[in-house]
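Asker: predicted structure and sequence below. I'll ask about it afterward.
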2 protein chains.
Amino acid sequence: MLPSASHSVASLDLLGIGNAIVDVLAYAEDSLLVELGLIKGAMTLVDEERIEALYRRMGPAREVSGGSCANTIAAFAALGGRAAFIGRVKDDAMGRVFAHDICNAGVLFRSRPASDGPATARCLVFVTPDAQRTMQTYLGACVELGPDDVDEELVAAAAVTYLEGYLWDRPEAKAACRKAAAIAHAHGRQVALSLSDPFCVARWREEFRELIAREVDILFANEAEIMALYEAASFDDALQQVRRQVACAALTRGPKGSVVVRGDEVHVIDAAPVHRLVDTTGAGDLYAAGFLRGLSLGLDLGACGRLGSLCAAEIIQQFGARAERPLAPLLDRVR
Amino acid sequence: MLPSASHSVASLDLLGIGNAIVDVLAYAEDSLLVELGLIKGAMTLVDEERIEALYRRMGPAREVSGGSCANTIAAFAALGGRAAFIGRVKDDAMGRVFAHDICNAGVLFRSRPASDGPATARCLVFVTPDAQRTMQTYLGACVELGPDDVDEELVAAAAVTYLEGYLWDRPEAKAACRKAAAIAHAHGRQVALSLSDPFCVARWREEFRELIAREVDILFANEAEIMALYEAASFDDALQQVRRQVACAALTRGPKGSVVVRGDEVHVIDAAPVHRLVDTTGAGDLYAAGFLRGLSLGLDLGACGRLGSLCAAEIIQQFGARAERPLAPLLDRVR
């Protein structure tokens, strides 16, 4: 919990590249989503005028650092991993909140904040009574993320570089990802990718398929995303396809648990018990954190999946995707 | 959950006057409190330099609108009451967050934000594993609250004007409270007071005793506060004293429940069940909201206490003192 990044660049377990976003979370009835014309369960990109209009209609909220990849990196650090993050904020109040939170989670974050240009990104998260989340994102300062932000020293040093599919929505960010993947592989490192959102997959299906086949070592996707990727008729159909395309994949299925595959290995993991479902924001992000932390500790693949499930169960029992309570005790439950 | 203050000034159930604060909540081990020299469970006022230093040492956090009185007012509105709030923010990012949250909770908030001077107030809340909260407050723009901010129209219109004891720490704010109480009584309205904090009570014991005897119609205090007020050797000793001094009092005792008194009536209320204790921030604030809402609905005094207990139980099962989920369903459990 103390200011950190005390670990050296030379010994990184994980580097994340993603959108640096502050989430603004509020409870909402389904009727409000209908009235505002929001696509339930999806992440939609909106402009500044629209985000302001939506914020005016949103209930009382709470501000929590977010961003899918950043959530994963923060949780990975909370699990004791040595992690770094690359993302763009502005030097404004919300940018300072984001930087404080990720640095004080123990993550190395040395991206310089922009002194001008668009404000730090915000994501309005509408949490409905069924604990589903519907997200409206204004990318703000994130749109400036490009190849120049890829810190070669960090990529070369990190055992795994983790990218979020959301970055494909911006050509410059996509170029940054491709550059990072090339550097990682040139240094014998691995590349991980999260597919982020089924609509994002639909927008970039062909590029993702090619990327996964050629450049991705570890793939994260939920059921809707993996089925969208392969236009599969069933989850099992998608599972069979992904096994032929990527060395390692973790596929999450909400309350149905997850399936993790690596070569001949296939583990079918039950979801961890949940006592009070509050908000599903961050379930996938925290699953990825637990899974990657398990891999970095050399746990067997099934234990990696179980750790992912435990982290996901923890985060959906609270509001927002940054854990309020320590995650490290979960490690004892899989070792 | 929609933008509001649609109710007219002419029909207010409750007006709150208090510090307008954004809470910055983070989990912390007890050892960090020791290291930082913090008084566990208390609210301490600090200057800007100190709050910045403490924030640097604080773990990853979440920003939620706060302020004891403002929490009560927001919850009262969530319970369907017609409420207004008077408090000072600056026109900065955190001030806009505060205003958004209280307005969109359905509260009439027309205090004009300051365009210069100190920043919007922040309270760092360290939540320890036992769910206790330790608070460090930088008052910022709140120090400008004074008699001129007392909107006579609102005070005259509100059935009850609710003051927080914390305001006694600033002479100008105290003067605002005395002015509001005089206006309220001149219009045949009631005045409620929360004692806020046992250390605050110790600082202003004599003034509070006199105020309670002369000007307060409804008093809220927890066990530590009421015992500090009367320098009582036992809770029951304090209870007997307060019955002689004030028309109506609600005394909260954490897991031991609460005792509410009004004239000859005395109700001993059990605490409502809690499944997952997370953070006690706001327990007293939400109890007051439920109790006052019960009174405004004309419920019998025992039901007012039970509604207070249900609201308190709800808020301590989440982080922060603004309810993430609707409070209105709790009303059905006491009627």
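Answerer: Okay, I see it.
Asker: residues touching A:Thr128, list them.
Answerer: By Cβ atoms under 8 Å, 6 or more residues apart in numbering or on different chains, the contact list for A:Thr128 reads A:27-30, A:33, A:40, A:134. For the C-beta atoms, the positions are set from N, CA and C on the backbone; glycine is no exception.
Asker: near chain B at all, stretch A:141-158?
Answerer: No. On the criterion Cβ under 8 Å from any Cβ of the partner chain, stretch A:141-158 is out of touch with chain B, staying 14.1 Å away.
Asker: end-to-end on that stretch?
Answerer: 25 Å (Cα to Cα, to the nearest Å).
Asker: and it, how far out from the chain middle?
Answerer: 16 Å (Cα atoms, centre = their mean, to the nearest Å).
Asker: and that stretch, what's its mean pLDDT?
Answerer: Averaging pLDDT along stretch A:141-158 gives 96.
Asker: buried set for that stretch?
Answerer: Using 16 or more other Cβ atoms under 10 Å in any protein chain shown as the test for burial, stretch A:141-158 gives A:141-146, A:149-151, A:154-158.
Asker: enumerate the residues of the stretch 201-335 of chain A near chain B.
Answerer: A:275-276, A:278-279, A:317-320, A:322, A:324-326.
Asker: please redo it, this time with the cut-off set to 6 Å
Answerer: With Cβ under 6 Å from any Cβ of the partner chain as the criterion, the stretch 201-335 of chain A meets chain B at residues A:276, A:319, A:322, A:324-325.
Asker: and of these, the nearest to A:Asp264?
Answerer: Of all these, A:Arg322 has the smallest distance to A:Asp264: 36.3 Å, by Cβ to Cβ.
Asker: show me where the stretch 201-335 of chain A has its strands.
Answerer: A:218-222, A:248-252, A:258-262, A:265-269 (DSSP state E, counting those that start in this stretch).
Asker: got these as a markdown table, with distance to B:Gly165, mean neighbour count and mean pLDDT columns?
Answerer: Below are the strands of the stretch 201-335 of chain A laid out as a markdown table (distance: least, Cβ to Cβ, whole Å; neighbours: other Cβ atoms under 10 Å in any protein chain shown; pLDDT from 0 to 100):
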| stretch | distance to B:Gly165 | mean neighbour count | mean pLDDT |
| --- | --- | --- | --- |
| strand A:218-222 | 49 | 25 | 98 |
| strand A:248-252 | 49 | 25 | 98 |
| strand A:258-262 | 51 | 22 | 95 |
| strand A:265-269 | 52 | 16 | 93 |
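Asker: with distance to B:Gly16 added, can I get those in TSV?
Answerer: Putting these into TSV (distance: least, Cβ to Cβ, whole Å) gives the following:
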stretch	distance to B:Gly16
strand A:218-222	44
strand A:248-252	44
strand A:258-262	47
strand A:265-269	49
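Asker: now do the helices in the stretch 51-200 of chain A.
Answerer: A:68-78, A:93-104, A:152-157, A:171-186, A:198-203 (DSSP state H, counting those that start in this stretch).
Asker: now, of the ones you listed, which is deepest in the fold?
Answerer: helix A:68-78 (a mean of 30; mean count of other Cβ atoms under 10 Å in any protein chain shown).
Asker: then that helix to PDB, C-alphas only?
Answerer: Output in PDB follows, covering the C-alpha atoms of helix A:68-78 (Å, rounded to 0.1, in the frame of the first residue of the first chain):
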ATOM      1  CA  SER A  68      -9.200  -2.300 -18.300                       C
ATOM      2  CA  CYS A  69      -5.500  -3.000 -18.700                       C
ATOM      3  CA  ALA A  70      -4.600  -0.600 -15.800                       C
ATOM      4  CA  ASN A  71      -7.000  -2.500 -13.500                       C
ATOM      5  CA  THR A  72      -5.200  -5.800 -14.400                       C
ATOM      6  CA  ILE A  73      -1.800  -4.200 -13.700                       C
ATOM      7  CA  ALA A  74      -2.800  -2.700 -10.400                       C
ATOM      8  CA  ALA A  75      -4.300  -6.100  -9.200                       C
ATOM      9  CA  PHE A  76      -1.200  -7.900 -10.400                       C
ATOM     10  CA  ALA A  77       0.900  -5.600  -8.300                       C
ATOM     11  CA  ALA A  78      -1.500  -6.200  -5.300                       C
END
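Asker: mean confidence score for it?
Answerer: On average, helix A:68-78 scores 98.
Asker: distance from the chain centre to that helix, please.
Answerer: 7 Å.
Asker: what's in contact with that helix?
Answerer: A:14, A:16, A:18, A:83, A:85, A:102, A:105-107, A:164, A:196, A:282, A:285-286, A:288-289, A:292-293, A:321-322, A:327 (Cβ atoms under 6 Å, 6 or more residues apart in numbering or on different chains).
Asker: the residue nearest to A:Tyr166 when sequence neighbours are not counted: how many residues sit nearby?
Answerer: Nearest non-adjacent residue to A:Tyr166, counting by Cβ to Cβ, 6 or more residues apart in numbering or on different chains: A:Ser196, 4.6 Å away. Per other Cβ atoms under 10 Å in any protein chain shown, the neighbour tally for A:Ser196 reads 28.
Asker: ok, now A:Leu277?
Answerer: Look at A:Leu277: counted by other Cβ under 10 Å, it has 12 neighbours.
Asker: what do you get for A:Leu14?
Answerer: A:Leu14 - counted by other Cβ under 10 Å - has 27 other residues nearby.
Asker: that one contacts A:Arg82, doesn't it?
Answerer: No. If you go by Cβ atoms under 6 Å, A:Leu14 and A:Arg82 don't touch, sitting 7.5 Å apart.
Asker: wait, A:Gly146 touches A:Lys174, no?
Answerer: No. A:Gly146 is beyond contact range of A:Lys174, at 9.5 Å (criterion: Cβ under 6 Å).
Asker: give the residue farthest from the middle of chain A.
Answerer: For chain A, the residue at maximal distance from the C-alpha centroid (Cα atoms, centre = their mean) is A:Glu35, at 28.6 Å.
Asker: next, that residue: secondary structure please.
Answerer: Put simply, A:Glu35 is helix when judged by DSSP: H, G, I helix; E, B strand; the rest coil.
Asker: who does A:Val261 bridge with?
Answerer: A:Ala249, A:Val266 (DSSP bridges).
Asker: my guess is it meets A:Ala249, correct?
Answerer: Yes. Between A:Val261 and A:Ala249 there is a contact under Cβ under 6 Å: 5.2 Å.
Asker: which residues touch the residue of the stretch 151-300 of chain A found nearest chain B?
Answerer: Residue of the stretch 151-300 of chain A nearest chain B, by Cβ to the nearest Cβ: A:Arg276 (5.8 Å). By Cβ under 6 Å, 6+ apart, the contact set of A:Arg276 is A:317, B:276.
Asker: ditto for A:Ser309
Answerer: With Cβ under 6 Å, 6+ apart, A:Ser309 has these contacts: A:269, A:271-272.
Asker: with these in mind, which one is nearest to A:Glu63?
Answerer: A:Ala272 (27.8 Å).
Asker: show me what contacts that closest one?
Answerer: Contacts of A:Ala272 (Cβ under 6 Å, 6+ apart): A:309-310, A:313.
Asker: A:Ala156 reaches A:His187, doesn't it?
Answerer: Yes. With contact defined as Cβ under 6 Å, A:Ala156 counts as touching A:His187 (4.5 Å).
Asker: relative to A:Thr161, how far out is the residue nearest to A:Tyr166?
Answerer: A:Ser196 sits 16 Å away from A:Thr161, going by Cβ to Cβ, to the nearest Å.
Asker: how about A:Phe98?
Answerer: 20 Å.
Asker: A:Tyr53: neighbour count?
Answerer: Careful, residue A:53 is Ala; it's not Tyr. For A:Ala53, using other Cβ under 10 Å, the count is 13.
Asker: show the pLDDT at it.
Answerer: pLDDT, read off for A:Ala53, is 96.
Asker: distance of it relative to chain B?
Answerer: To chain B, A:Ala53 is 11 Å away according to Cβ to the nearest Cβ, to the nearest Å.
Asker: do you know the pLDDT at A:Ser11?
Answerer: At A:Ser11, pLDDT is 85.
Asker: check contacts around it.
Answerer: Applying Cβ under 6 Å, 6+ apart, the residues contacting A:Ser11 are A:Arg82.
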